[in-house]
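S.K.: 3D model of this:
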Amino acid sequence: MIKPIVAGNWKMNKNPNEGSSFINDVIGNLSEVENVEVVFCPPFTGLNNVNINPPYYLGAQNCYYKDNGAYTGEISLNMLLECNVQYIIIGHSERRHIFFEDNELIGKKIAKVINTEIKPILCVGETKDEMNSGRAYDVIEEQLAKGLENLKSLSNVLIAYEPVWAIGTGLTASTDKINEMHSFIRKILNKLFKEENPYRIPILYGGSVNSGNADELISLDGVNGFLIGGASLDVVKFTDIVKIVNDK
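M.R.: Modelled structure (predicted):
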């Protein structure tokens with residue numbers, strides 16, 4: 001059985017002091033967490049000097065695939081490891097569509113991360129135009145194939161399905177759609193890594209998850225947790241979601 005994960009992607013929000021207070025408030029509001037892993041993903045400036053222990057973990061929002069060098073504005077995995085980062089988001093739709101990261105670059109990052117102690121969360125998802133034109137499944141398959149093509153094993157890899165049209169819009173994919181897409185993702189993982197069991201790979205859902213829909217979504221077969229944006233910035237909303245997942 002896969003232990004559920006609730007990861008909060010703060011994006012470009014909260015300065016270090018705000019982030020530290022937020023983490024303390026969340027932990028203070030969660031008296032007993034036994035059945036879920038909670039991952040905080042602050043901006044790079046909020047990663048240093050964060051002292052948390054399981055079931056709480058620190059995650060980064062991005063990295064570069066080089067160890068060091070003249071790459072202004074980038075962050076290496078060695079830097080993240082020294083900050084005790086244990087998860088990292090790779091290929092988020094905002095990295096793909098705002099900063100034009102392509103599948104090849106994302107694949108290089110995944111290949112680099114997998115050789116460290118950090119677990120990559122590979123994000124995949126279709127835009128509204130891709131969905132309406134019937135290309136969603138082709139897009140997802142290519143994102144998975146290119147993102148994972150340099151790996152020999154799926155060990156320690158997580159997938160996050162985030163339909164781009166549902167991120168920050170208040171829209172959520174239907175339960176049938178989520179079931180269908182998560183099953184499709186596992187089918188593709190089985191195709192790419194025939195000797196491994198795709199049902200042991202955590203697949204998170206992201207896209208306007210909140211305390212009102214979290215119970216229904218986490219009850220779906222194949223949904224192993226959430227990658228949360230907006231609701232992860234609010235102590236009450238985030239802890240409510242963690243409690244819902246923990247109590248399932």
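S.K.: max-length helix in the chain?
M.R.: Scanning the chain for the longest helix, with DSSP state H as the assignment, gives helix 175-192.
S.K.: Just after it, pick out the following helix or strand.
M.R.: Under the assignment DSSP states H and E, the closest C-terminal helix or strand after helix 175-192 is strand 203-205.
S.K.: now what about the following helix or strand past that following strand, what contacts it?
M.R.: Next along the chain after strand 203-205, taking DSSP H and E as the criterion, comes helix 214-218. Residues from elsewhere that reach helix 214-218 (Cβ atoms under 8 Å, 6 or more residues apart in numbering): 4, 172, 175, 178, 205, 209, 223, 225-226, 240-241, 244-245, 248. In short, each C-beta sits where N, CA and C put it, glycine included.
S.K.: Which element, helix or strand, includes the residue lying farthest from the centre of the chain?
M.R.: Outermost residue of the chain with respect to the C-alpha centroid, by Cα atoms, centre = their mean, is Ala70; its distance is 28.1 Å. Using DSSP H and E, Ala70 sits within no helix or strand.
S.K.: Please apply the same query to Gly107.
M.R.: helix 103-113.
S.K.: Which strands and helices lie in contact with that helix?
M.R.: With contacts taken as 3 or more Cβ pairs under 8 Å, 6 or more residues apart in numbering; DSSP states H and E, helix 103-113 sits against strand 87-90, strand 119-124, helix 136-148.
S.K.: Packing partners of the shortest one?
M.R.: Based on contacts counted as 3+ Cβ pairs under 8 Å, 6+ apart, the elements that strand 87-90 packs against are strand 5-9, strand 37-41, strand 56-60, helix 103-113, strand 119-124.
S.K.: Repeat the analysis, applying 6 Å as the threshold.
M.R.: On a contact count with 3 or more Cβ pairs under 6 Å, 6 or more residues apart in numbering; DSSP states H and E, strand 87-90 meets strand 56-60, helix 103-113, strand 119-124.
S.K.: Single out the most deeply packed of these.
M.R.: Most buried of the helices and strands packed on strand 87-90, by mean neighbour count (mean count of other Cβ atoms under 10 Å): strand 119-124, with a mean of 25.
S.K.: Partner strands of that one and their direction?
M.R.: Within its sheet, and counting by DSSP bridges, strand 119-124 is paired with strand 87-90 (parallel), strand 158-161 (parallel).
S.K.: Please tabulate these in JSON lines, including the columns distance to Tyr57, mean pLDDT and mean neighbour count.
M.R.: Output for those, formatted as JSON lines (distance: least, Cβ to Cβ, whole Å; pLDDT from 0 to 100; neighbours: other Cβ atoms under 10 Å):
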{"stretch": "strand 87-90", "distance to Tyr57": "6", "mean pLDDT": "98", "mean neighbour count": "25"}
{"stretch": "strand 158-161", "distance to Tyr57": "12", "mean pLDDT": "98", "mean neighbour count": "26"}
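S.K.: now these in TSV, with distance to Asn132?
M.R.: TSV is the format used below for the strands paired with strand 119-124 (distance: least, Cβ to Cβ, whole Å):
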stretch	distance to Asn132
strand 87-90	26
strand 158-161	18
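S.K.: related to what we said a few turns ago, tell me which of the helices and strands packed on helix 103-113 lies nearest to Ser232.
M.R.: Evaluated over these, closeness to Ser232 peaks at strand 87-90, with 11.9 Å, by Cβ to Cβ.
S.K.: quick one, which of the helices and strands packed on strand 87-90 is nearest to Lys191?
M.R.: With respect to Lys191, and counting by Cβ to Cβ, the nearest of the helices and strands packed on strand 87-90 is strand 119-124 at 14.6 Å.
S.K.: Between helix 175-192 and that closest one, find me the angle.
M.R.: Using axes from the mean of the first three to the mean of the last three Cα atoms, to 10 degrees, the direction of strand 119-124 lies 120 degrees away from that of helix 175-192.
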